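Participant: I would like to see how this sequence folds:
(4 chains)
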There are 2 protein chains.
Amino acid sequence: MAEKDLNTEQKILEAARLVFTQKGFEGARMQEIADKAGINKALLHYYYRSKDKLFEGVFREAFFTMVPQVMDLLKSEMPLFEKIRFFTSNYIEIFINNPFIPGFVLHELSVNPKRIVDLLSNMGIQPALFLDQIQAEIDKGIIKPIDPRNLLTNMLAMCIFPFVARPILQNILFTNDEQAFAQFVEDRKKAVPEFIINAIKNE
Amino acid sequence: MAEKDLNTEQKILEAARLVFTQKGFEGARMQEIADKAGINKALLHYYYRSKDKLFEGVFREAFFTMVPQVMDLLKSEMPLFEKIRFFTSNYIEIFINNPFIPGFVLHELSVNPKRIVDLLSNMGIQPALFLDQIQAEIDKGIIKPIDPRNLLTNMLAMCIFPFVARPILQNILFTNDEQAFAQFVEDRKKAVPEFIINAIKNE
DNA sequence: ATTTAGTTTAACTAATTGGTTAAACTGATT
DNA sequence: AATCAGTTTAACCAATTAGTTAAACTAAAT
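Facilitator: Numbers count the residues shown, from 1 in each chain, chains lettered A, B, ... in the order given. Take a look at the predicted model:
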């Protein structure tokens, strides 16, 4: 009995990840995925029944990379400022390693918002704890009054936005120098949390 | 000689705007645009030779809505804090009226980055003046030291991100209450500039 | 050497999509 | 009424795409 090439399935998934995340579901072509995986198109359907099934796998993985583990950071017991530093730098690091994830996930959610219900209903994503912690610090007078949801949105925005807008930011701010942009994003792992803390801390 | 129905061309453009901005180029169907415009598919090609031509028009309009006029605000002579308030509130207002523009433009630029070169080479988008102004305020000790490009990126991020991530933010923060989310974004026209100014001002 | 189960492929099919065409309609002008 | 340019349509075409099929290959087991 011939051994199943263990690499083939991995190569398909890797190829699908590349094509789907960069072209989106509608822009992706099964033929291109097959080519990138170095196999025939029919073999794709041997491993994965349909484009939808293959996409579902890639999307779920991407979504979980982007949303839940990281949101768990917000649930941990940790002083607010430390938590902000920990969350933003870790979140940015994740996108440095998966730069196409944010644009991919947000676009697919926009095109097909009912995915959210399916995905989020399973797992309880619960920012309430973090929002409460912010409110508590406000009440104690440690940070300035702010709608906690605005603060959370600002944190997410500053972490995620550079990756969604990379082409134009890289062009305008760094004359398309890829290396310079990479350094810029790396610096933001420290700059963003300091910016946020400066914005909210009293005194 | 029969009068050309002046509304038809407008209705086509309006329909194309709707479909392209919500589905993207690859996801858009000429038939759907025709249906939404209340006309036949062939009439689309009578007015606009091809899908690409129609898309080009819609995309350029969207891009110009998103980038250049607003960037001009940054060039104006105005004290920094006032400029930040003016820019962010105006920018957010634009997206309140065109909520699908950010996701559409950023996605199409990601999928086809060479569009940027074509579009930006024509008009000189020049944030240098704003960046210099920030540096000058830092040197004067009026605001805290910060990479001006980081500050500009943060401003753009906080204005744009909520519209790119609307489906998931609306779901998680507002249990899918559309009206509540609209109010949230409206509030950000004041909350975002205050957040930014708090983050950078000395004392 | 032959069998056999798993693996890979070329060739095909059905459906969708962007785009064309030629005919029909409309209403102002003569 | 007949004409005529501009407008609208139904029917068709060619290309692309997701998905199928049946045959061929591979290598371990007998």
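Participant: least trustworthy helix or strand in chain A by mean pLDDT?
Facilitator: helix A:114-122 (a mean of 75; mean pLDDT, DSSP states H and E).
Participant: I'd like the mean pLDDT over the helix or strand just after it, please.
Facilitator: Past helix A:114-122, further along toward the C-terminus, the next helix or strand under DSSP states H and E is helix A:128-139. Across helix A:128-139, pLDDT averages out at 93.
Participant: distance of the residue nearest the centre of chain A from B:Asn171?
Facilitator: In chain A, the residue lying closest to the centroid (Cα atoms, centre = their mean) is A:Met66, at 3.2 Å. Separation of A:Met66 from B:Asn171 (Cβ to Cβ, to the nearest Å) stands at 14 Å. Where you see a C-beta, it was placed from the backbone N, CA and C, and this is true even at glycine.
Participant: again with A:Gln126
Facilitator: Taking Cβ to Cβ, one finds A:Gln126 at 13 Å from B:Asn171.
Participant: hang on, the earlier thing: ok, now which ones touch the residue nearest to the centre of chain A?
Facilitator: A:Ile94, A:Ile101, A:Pro102, A:Val105 (Cβ atoms under 8 Å, 6 or more residues apart in numbering or on different chains).
Participant: From those, keep the buried residues only.
Facilitator: In terms of neighbour count (16 or more other Cβ atoms under 10 Å in any protein chain shown), the buried residues within the contacts of A:Met66 are A:Ile94, A:Ile101, A:Pro102, A:Val105.
Participant: So A:Gln133 is in contact with A:Leu80, correct?
Facilitator: Yes. Using Cβ atoms under 8 Å, A:Gln133 makes contact with A:Leu80 at a distance of 6.0 Å.
Participant: Return stretch A:40-53 as CSV; C-alpha atoms alone will do.
Facilitator: These are the backbone C-alpha positions of stretch A:40-53, laid out as CSV (Å, rounded to 0.1, in the frame of the first residue of the first chain):
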residue,chain,number,x,y,z
ASN,A,40,-3.4,18.9,-10.4
LYS,A,41,-6.8,20.6,-10.0
ALA,A,42,-8.6,17.3,-9.6
LEU,A,43,-6.4,16.4,-6.7
LEU,A,44,-7.8,19.4,-4.9
HIS,A,45,-11.2,17.9,-5.0
TYR,A,46,-9.8,14.6,-3.9
TYR,A,47,-8.6,16.2,-0.7
TYR,A,48,-11.2,18.8,-0.3
ARG,A,49,-14.7,18.3,-1.8
SER,A,50,-15.3,21.9,-2.9
LYS,A,51,-13.9,25.4,-3.1
ASP,A,52,-16.3,26.3,-0.3
LYS,A,53,-15.0,23.5,2.0
